[in-house]
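Undergrad: Could you look at this predicted model? Sequence included:
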Amino acid sequence: MTPYLVKSTAVGALGGLLFGFDTAVIAGTTQQLTVTFNLTSFTLGLTVSIGLIGTVIGAMSAGVVGQRIGGREALRIMAVLYTISAVGCAFAWNWDALLAFRFIGGLGIGGSSVLGPVYIAELAPAKWRGRMVGLFQINIVIGILLAYLSNYLIVLLNLGAAQWRWQLGVAAIPSVLFLILLYGIPRSSRWLVTQNKTDEALEVLKMMGSPDSEAELREIMDSIHMERGMAAEPLFKRRYRLPIFLAITIGLFNQLSGINAILYYSNFIFAAAGFSQVSGALQTVLIGLMNLFATLLGMTLIDKLGRRTLLLIGSVGTALCLAGVAAIFYTNTHLNALVWLLVAYIGFFAISQGAVIWVYIAEVFPNRVRAKGQSLGSSSHWIMNAIISFSFPVLAKSSGGLPFAFFACMMALQFFVVLFLYPETKGITLEQLQHKLGIN
């Protein structure tokens, strides 16, 4: 593993850290934003979900931008968008400006969620690729933890009415660092081949430590030639109906678990249960730590226990934890158990849904439509994320336990859908899996 490979992968994965930080940092500001801008449950939901609308647009358009100008250059654009968003939110002069800058940040999040893993995958040698792309997911979780920790430390500074500005604005520091570091890494060899810059592509392969760079260059050229011949293959054909169902439903259930409602509104949830602002901010750090540890555990179990088994375990665990949270809000008793139920919930989610979703979506589609299939599954995930994030405060206002009871029911439903309809993809080749799914 060469220094160039380590550096390039680390920089590419830093986009994941910004992704996690920028999505979760809003959790610490919901109470102050509600007071500062006199937000209703509807407008609070819009304030949180506007960034996710930007994320959907960014994710759907980033692939085209990346193909045209290259992953490295496209990531630079995302870093600029992150920076503009962080500085703009810190100095937002009214609610409309805050919405605009959060939308811009969403574009950066969506773009980097597509471009970061692709850049790493295109750059890394085959034997390191899986673990290196996995670094992006780990960095997302680290970013979420750092956002919660940052929020907690800023609360301790007692900055008064300016607190939310600091919490949102501090993201400018890692985003500027990300932008600077992007000027010290190469363009991906795969993209260079698509631009007929084969000499430069060969140099990059040598820098990345390819054992036989000339043979790998020929493989890339052959692969790209084959993909161009398959580009016209449509996704929505009868023989792909099961992979399409699997990709859409796993994306939907990932969000119907309530994961991002809890990550985005964690301080809001603890405040509704009677916790102080400092105490609530500290509880979210505990949730972030569990998210990190359970994600690492999930990545070690996914090839041992299997994708389907992890999803079944996660469905039962998250359903029971969510039912317990709903009971606490309905009865207004055992409030001290709330944080432990949410920590356990995060653990069950991270070892199942969190570890499985992107791997599973990538596996169930054949090569000729894999990119389109991943885009479909990702879009169902982000669109449902925006819907849940927008509607959560509205539902929670009518009944604190209602959204958690709904999420628990969705996890119970997921258990039976996975049990009866999801195939296990562990330990079989992609070609064998296509036969198993009825794809000729």
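TA: That came through fine.

Undergrad: next structured bit after whichever strand or helix holds Glu122?
TA: Per DSSP states H and E: Glu122 is located in helix 95-123. As assigned by DSSP H and E, the chain's next helix or strand after helix 95-123 is helix 126-156.

Undergrad: Strands along the stretch 201-350 of the chain, start to end?
TA: Applying DSSP state E, counting those that start in this stretch to the stretch 201-350 of the chain gives no strands.

Undergrad: quick one: low-confidence parts of it?
TA: Within the stretch 201-350 of the chain, the segments meeting pLDDT under 70 span 210-211, 223-233, 273, 276-277, 280.

Undergrad: Going by contacts, tell me the helices and strands next to the helix holding Glu122.
TA: helix 3-24, helix 41-69, helix 71-90, helix 126-156, helix 189-194, helix 370-398 (3 or more CB pairs under 8 Å, 6 or more residues apart in numbering; DSSP states H and E). Glycine gets a C-beta too; all of them are placed from N, C-alpha and C.

Undergrad: Can you give me the buried ones in the fourth one?
TA: Just to be clear, that refers to helix 126-156. With burial defined by 16 or more other CB atoms under 10 Å, the residues of helix 126-156 counted as buried are 128, 132-152, 154-155.

Undergrad: next one: the last one
TA: By neighbour count, and taking 16+ other CB under 10 Å as the criterion, the buried residues in helix 370-398 are 370-393, 395-396.

Undergrad: Can you get me the centre-to-centre distance for stretch 146-161 and its chain?
TA: 23 Å (CA atoms, centre = their mean, to the nearest Å).

Undergrad: Please apply the same query to stretch 162-175.
TA: That offset, for stretch 162-175, works out to 20 Å (CA atoms, centre = their mean).

Undergrad: How about stretch 416-423?
TA: Centroid displacement of stretch 416-423 relative to its chain, using CA atoms, centre = their mean, is 24 Å.

Undergrad: Pull the residues that contact that stretch.
TA: Stretch 416-423 is touched from outside by Phe245, Leu246, Thr249, Phe253, Arg307, Arg308, Leu311, Leu312, Ser315, Leu433, Lys436, Leu437, with contacts defined as CB atoms under 8 Å, 6 or more residues apart in numbering.

Undergrad: Quick check: of the residues you listed, which lies closest to Phe19?
TA: Nearest to Phe19 out of these is Phe253 (CB to CB; 21.1 Å).

Undergrad: Which residue is the nearest non-sequential neighbour of the closest one?
TA: Distances taken as CB to CB, 6 or more residues apart in numbering place Gln414 nearest to Phe253, at 4.5 Å, with adjacent residues excluded.

Undergrad: quick one: Ala100 from Ser41, how far?
TA: Look at Ala100 and Ser41: by CB to CB, to the nearest Å, they are 21 Å apart.

Undergrad: again but with Leu182, I slipped
TA: Counting by CB to CB, the gap from Leu182 to Ser41 is 39 Å.

Undergrad: quick one, which of these two is more surrounded?
TA: More crowded of Leu182 and Ser41, by other CB atoms under 10 Å: Leu182, with 21 against 16.

Undergrad: who's in contact with that one?
TA: Val11, Arg72, Leu75, Arg76, Ala79.

Undergrad: List just the nearest of these to Ile302.
TA: Nearest to Ile302, judged by CB to CB, of the contacts of Leu182 is Val11 at 25.7 Å.

Undergrad: The closest one against Ile185, yeah?
TA: Yes. Between Val11 and Ile185 a contact is recorded at 5.1 Å, counting by CB atoms under 8 Å.

Undergrad: residue contacts, Phe81?
TA: Not Phe; residue 81 is Leu. Ile104, Gly105, Leu107, Gly108, Gly111.

Undergrad: Specify which member of these is nearest to Asn260.
TA: Distances from Asn260 to the contacts of Leu81, taken by CB to CB, are shortest for Gly105, at 15.2 Å.

Undergrad: tell me the contacts of the closest residue to that closest one other than its chain neighbours?
TA: Nearest non-adjacent residue to Gly105, counting by CB to CB, 6+ apart: Ser85, 3.0 Å away. Counting by CB under 8 Å, 6+ apart, Ser85 touches Asp22, Phe101, Arg102, Ile104, Gly105, Gly108, Ala171.

Undergrad: For those residues, give me JSON lines that also has distance to Gln31, pLDDT and neighbour count.
TA: Rendered in JSON lines, the data for the contacts of Ser85 read as follows (distance: CB to CB, whole Å; pLDDT from 0 to 100; neighbours: other CB atoms under 10 Å):
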{"residue": "Asp22", "distance to Gln31": "19", "pLDDT": "83", "neighbour count": "29"}
{"residue": "Phe101", "distance to Gln31": "20", "pLDDT": "96", "neighbour count": "23"}
{"residue": "Arg102", "distance to Gln31": "17", "pLDDT": "94", "neighbour count": "25"}
{"residue": "Ile104", "distance to Gln31": "24", "pLDDT": "95", "neighbour count": "21"}
{"residue": "Gly105", "distance to Gln31": "20", "pLDDT": "92", "neighbour count": "32"}
{"residue": "Gly108", "distance to Gln31": "25", "pLDDT": "90", "neighbour count": "31"}
{"residue": "Ala171", "distance to Gln31": "19", "pLDDT": "90", "neighbour count": "25"}
